[in-house]
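Undergrad: below is the sequence, then the predicted model.
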Amino acid sequence: MLEDTKQMNNVAEYLCKTTEKFPNKVAFLDTGGGFLFSELNEYAKRIATVIIKKTDGITNEPIAVRMKKSKECIAAFMGVVYSGNYYCPIDLTMPSSRIEVIFETLRPIVVIEQEENQDQDKEKSIIYNECMNIQYDDELINCQLNKIISVDPLYVLFTSGSTGVPKGVVVSHASVIDYTEWLSDTFGFNENNVFGNQAPLYFDNSILDIYSSLRNGSQVYFIDEKLFSFPKQLMMTLKENGVNTIFWVPSALISIADSGVLHENPELPQLEQVLFCGEVMPTKQLMKWRKRYTNTFFANLYGPTEITDVCSYYVVERDYADDEILPIGKACKNTEILIINEKNKIANIDELGEIFVRGIGVAKGYYRNKDRTQSAFVQNPLHDDYIDICYKTGDIAKVNQEGNVIYVGRKDNQIKFQGHRIELGEIEAAAMSVKNVIRVCAVYADVRKKIILFIVLNTELERVGEKEIYKSIKAKLPKYMLPSEIIIKDELPLNVNGKIDRVKLREVANEGYIKENSRGN
Ligand code: AMP
């Protein structure tokens, strides 16, 4: 397998080879129908030809793809690649203020748009449909591709920075090729996989679906985002579209497990692989999936956008108790994970430290943001002998006796409270072990100087009150870690990537202060 791709300079070769092998196989499918690999390849080349002519053959420049999530987006991404440039997905559902900030940083040379949503001046805009009317020029395209080397950028994904200003993570062809090869070797992806895609295209989890398909000739079905609020219909959709592989954020799996539909029809005998990444997967809901789909393969993948989606993984091979933490496992091949303690040394077994990652997957930094790049992409703290850049994740973890990494929480979720160092994740793990609790989020309301615990209860079980929950947690946590307040909610808000929205919950937790104050006035 690897022999084929060893010399690859760019990911366009995936699409070329797969088109030769499976021209008439459906590649990407959405509610509006599907593109065969031959169609995808042809449409991408048409777009590339328009870009090359419009930009006088410039290479290695950013191109924004400002389109609704669809199979057409993938044709646009690959069009950008064939033109010798790199793409940045801009979703139409993003708030316009965010899009503005991204555009100010990215300064794209052109923007690919759909006619009905055109927003850019004519000079910059390329209308997708208009590209479909032209002949493509293979000679022009090959000339551009020959200029690309594997360390050139492939895409820029903007992630929400903790300051609220999005940072553009620049990822190279080499990183994505390394990742895609690892995925195929590890999970045995081939032309028979049908991915049910959940991740928005501006979120790094989508890289797994897109490039596994382009490499192996698998099919990707873009699930309508609205369906994630209707678990029963969602499961029907998986069945109807023959989806056998999913790679979702845990929140999506949790809402299905909590809805009770796992024990109803439809059966999903074809569901072969359930992979997840992006936040902590509680064992309580994971076990519901595992008990329902006994022949299905489950794995916990971990990684930030800055290391090309995933850098460690853990295959779930046994049952887990509600209060056990699922490891994020061991580093992927060709990647190293270092757990660095406060003395800048490798942490001992069971000692907490920050996760640093080395490998080809490490991104090229943040777009036009030298300061933030320098503070996150740093020299390997273990030596100063030559340049050896690691990504400093801001995630706290430890290695257990079996050599598996256990994720404990974000550094920003580590607080100093009355002199004690507290991992909010530990409070969450204790709360999750209470029988009726199905979702939790602990936040530190910095204005009120209080730890607030948000909880969602299983409505099918007898309702427990805040006092009972507090009593159960008290038996598991030291006194200084106990939350000042427990707030029971019907559901927890999710952010644009589908993960629990901690920023919003922190605001809600602090708002209590504003309300308390205004009552006092
Ligand atoms: P993103 O860059 O949006 O993919 O977010 C990356 C962050 O999500 C990581 O730094 C972790 O804090 C968190 N994360 C990713 N995967 C996992 C996982 N399997 N378990 C716990 N947290 C995770």
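TA: Cool, got the structure. Numbers count the residues shown, from 1 in each chain.

Undergrad: pull up the residues of the stretch 351-500 of the chain that are close to the ligand.
TA: Within the stretch 351-500 of the chain, the positions near the ligand by CB under 6 Å from any ligand atom are 393, 395, 407, 410, 497. (Each C-beta comes from the backbone N, C-alpha and C, glycine too.)

Undergrad: can you map out the strands along the stretch 201-350 of the chain?
TA: Secondary structure of the stretch 201-350 of the chain by DSSP state E, counting those that start in this stretch: the strands cover 219-222, 245-248, 273-276, 297-302, 312-315, 330-331, 335-340.

Undergrad: now do the buried residues in the last one.
TA: Meaning strand 335-340. 335, 337, 338, 339, 340 (16 or more other CB atoms under 10 Å).

Undergrad: quick check: beta-bridge partners of the fourth one?
TA: With DSSP bridges applied, residue 339 shows beta-bridge pairing to residue 355.

Undergrad: can you point me to the longest strand in the protein?
TA: The longest strand of the chain (DSSP state E) is strand 389-399.

Undergrad: can you pull the contacts of residue 397?
TA: Neighbour list for residue 397: 328, 339, 352, 353, 354, 355, 405, 406, 407, 408 [criterion: CB atoms under 8 Å, 6 or more residues apart in numbering].

Undergrad: how about a cut-off of 10 Å?
TA: Residues near residue 397 by CB atoms under 10 Å, 6 or more residues apart in numbering: 302, 312, 327-328, 337, 339, 347, 352-355, 405-409.

Undergrad: go through the buried residues of strand 335-340 and name the one nearest the ligand.
TA: Closest approach to the ligand among these (CB to the nearest ligand atom): residue 337, at 12.1 Å.

Undergrad: for the nearest residue to the closest one once chain neighbours are set aside, give me its contacts.
TA: Leaving out its chain neighbours, the residue that sits closest to residue 337 by CB to CB, 6 or more residues apart in numbering is residue 331, at 4.4 Å. By CB under 10 Å, 6+ apart, the residues touching residue 331 are 302, 303, 311, 312, 313, 337, 338, 357, 358, 359, 405.

Undergrad: nearest residue to residue 434 other than its sequence neighbours?
TA: Leaving aside its chain neighbours, residue 434 sits nearest to residue 472 (4.6 Å; criterion: CB to CB, 6+ apart).

Undergrad: could you point out which element follows the host helix or strand of that neighbour?
TA: Assessed by DSSP states H and E, residue 472 sits inside helix 466-474. Next helix or strand after helix 466-474 toward the C-terminus (DSSP H and E): strand 485-489.

Undergrad: quick one: contacts of that next one?
TA: For strand 485-489, the external contacting residues (CB under 10 Å, 6+ apart) are 431, 437, 439-442, 445, 448, 450-457, 463-470, 473, 505, 508-509, 512.

Undergrad: among the residues you listed, which ones are in strands?
TA: With strands taken from DSSP E, the overlap with the contacts of strand 485-489 comprises 437, 439-442, 445, 450-457.

Undergrad: now those as JSON lines including pLDDT?
TA: Shown next, in JSON lines, are those (pLDDT from 0 to 100):
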{"residue": "437", "pLDDT": "92"}
{"residue": "439", "pLDDT": "93"}
{"residue": "440", "pLDDT": "94"}
{"residue": "441", "pLDDT": "95"}
{"residue": "442", "pLDDT": "94"}
{"residue": "445", "pLDDT": "91"}
{"residue": "450", "pLDDT": "91"}
{"residue": "451", "pLDDT": "93"}
{"residue": "452", "pLDDT": "95"}
{"residue": "453", "pLDDT": "96"}
{"residue": "454", "pLDDT": "96"}
{"residue": "455", "pLDDT": "94"}
{"residue": "456", "pLDDT": "94"}
{"residue": "457", "pLDDT": "93"}
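
Undergrad: and of these, the nearest to residue 159?
TA: residue 441 (19.7 Å; CB to CB).

Undergrad: hey, what's that closest one bridged with?
TA: residue 454.

Undergrad: picking up where we left off before, between the contacts of residue 331, which is nearest residue 57?
TA: For the contacts of residue 331, the nearest to residue 57 is residue 359 (33.3 Å; CB to CB).

Undergrad: quick one: the closest one and residue 333 touch, right?
TA: Yes: at 9.2 Å, residue 359 counts as touching residue 333 under the criterion of CB atoms under 10 Å.

Undergrad: so these two - more neighbours on which side?
TA: Between residue 359 and residue 333, counted using other CB atoms under 10 Å, the more crowded position is residue 359 (21 against 11).

Undergrad: for residue 174, see how far away that one is.
TA: For residue 359, the distance to residue 174 (CB to CB, to the nearest Å) stands at 11 Å.

Undergrad: what's the overlap in contacts for those two?
TA: Joint contacts of residue 359 and residue 174 (CB under 10 Å, 6+ apart) are residue 308.
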